[in-house]
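S.K.: Make a model of this:
(one chain, ligands or ions: 1)
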Amino acid sequence: MRIPLVAGNWKMYKTHLEAIHFVEQLAHGLAGHDDQKVEIVLCPPHTALRSVQTTTEDRHQTFGVGAQNMHHETEGAFTGEVSPVMLKALRCKYVIVGHSERREYFGETDEGVNSKVKAAFEHELVPIMCCGETDEEHERGETESKVNGQVRAGFDGVSPEKAARAVIAYEPIWAIGTGKTATPEDAQKTISYIRSVITELFGDAVSSQIRILYGGSVKAGNAASLFGQPDVDGGLVGGASLDAAEFAAIVKAAL
Ligand code: PGA
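M.R.: Got it, this is the predicted structure:
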């Protein structure tokens, strides 16, 4: 049984003080829903990781803390970067890797994403590896070939034991921050295809364990129908994760 996961990707929003306020409001919104049937992961900017970690750790709900990015090296002269060891020391459990915004604005390649996926596992962080097609690729019917390439490259050299613990987020780029969501059927189709790629790479046991999320304009109003699909194990939520009441409603949709 795969436990659904709902992750909030705050992107470059919220100071550490706003983060503390958010956690209070979210806990309030989720009161009475602490049966641990869904894992909630908050991915704030690096500057708010510590605040989110300390304010979530003693709560009843299963909160996890995730970073939005990291460098693959343990330490070094890489001005402005943060290492997996530093994230681990903050009790981060997850790290988003290869988000389309990182690929587009910061030149991340499939090879770079693969180094980060491997570094995450090496330091016992769970990578949330993102993949997804652009609008043009979608129009040309290249969704499957795009995600196939990204998933194979991202997991290159990863053992089946490690892959089983990973999380994949399928995020069609045309749906991110646009208000256009993939239909539940389309999300299911592509996510079940991604699962079949994992079966080819690592076998049935891994593909039945690995969690695959949908991301791209998830909201309280569409979450239940997306998460209700058999292969969709939750969501990676951007804009709608910034509002505690909205995010709480999305978490409840995953229950
Ligand atoms: P969105 O972003 O929910 O605002 O579309 C999702 C993401 O980028 O992870």
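S.K.: What is the neighbour count of the closest residue to the ligand within the stretch 151-255 of the chain?
M.R.: Minimum separation of the stretch 151-255 of the chain from the ligand (CB to the nearest ligand atom) falls at Gly238, amounting to 2.2 Å. C-betas here are computed from N, CA, C, even on glycine. Neighbour count of Gly238, defined by other CB atoms under 10 Å: 23.
S.K.: Let me know whether it touches Gly179 as I believe.
M.R.: No: the criterion here is CB atoms under 8 Å, and Gly238 misses it with Gly179 at 11.4 Å.
S.K.: which one is Gly179 nearest to, not counting chain neighbours?
M.R.: Among residues not flanking Gly179 along the chain, Ser217 sits closest, at 5.4 Å (CB to CB, 6 or more residues apart in numbering).
S.K.: Check the one you found and give its pLDDT.
M.R.: On pLDDT, Ser217 comes in at 96.
S.K.: Now it: which helix or strand?
M.R.: According to DSSP states H and E, Ser217 maps onto no helix or strand at all.
S.K.: doesn't Pro172 make contact with it?
M.R.: No: Ser217 lies out of contact with Pro172 (CB under 8 Å); the separation is 9.4 Å.
S.K.: Can you pull the phi/psi pair for Ser196?
M.R.: Per-residue torsions, Ser196: phi -70, psi -30 (degrees, to the nearest 10).
S.K.: doesn't Asp204 make contact with it?
M.R.: No: assessed by CB under 8 Å, Ser196 is found out of contact with Asp204, at 10.4 Å.
S.K.: Counting neighbours, which bits of stretch 86-103 end up buried?
M.R.: For stretch 86-103, the neighbour count (16 or more other CB atoms under 10 Å) marks 86-88, 92-103 as buried.
S.K.: And the residues you listed, which two are furthest apart?
M.R.: The two members of the buried residues of stretch 86-103 with the most space between them (CB to CB) are Lys88 and Ser100, at 25.4 Å.
S.K.: how far away is the residue in the stretch 1-150 of the chain positioned nearest to the ligand from Thr79?
M.R.: The stretch 1-150 of the chain approaches the ligand most closely through Asn9 (4.2 Å), counting by CB to the nearest ligand atom. Using CB to CB, to the nearest Å, one obtains 24 Å as the distance from Asn9 to Thr79.
S.K.: Many thanks, have a good one.
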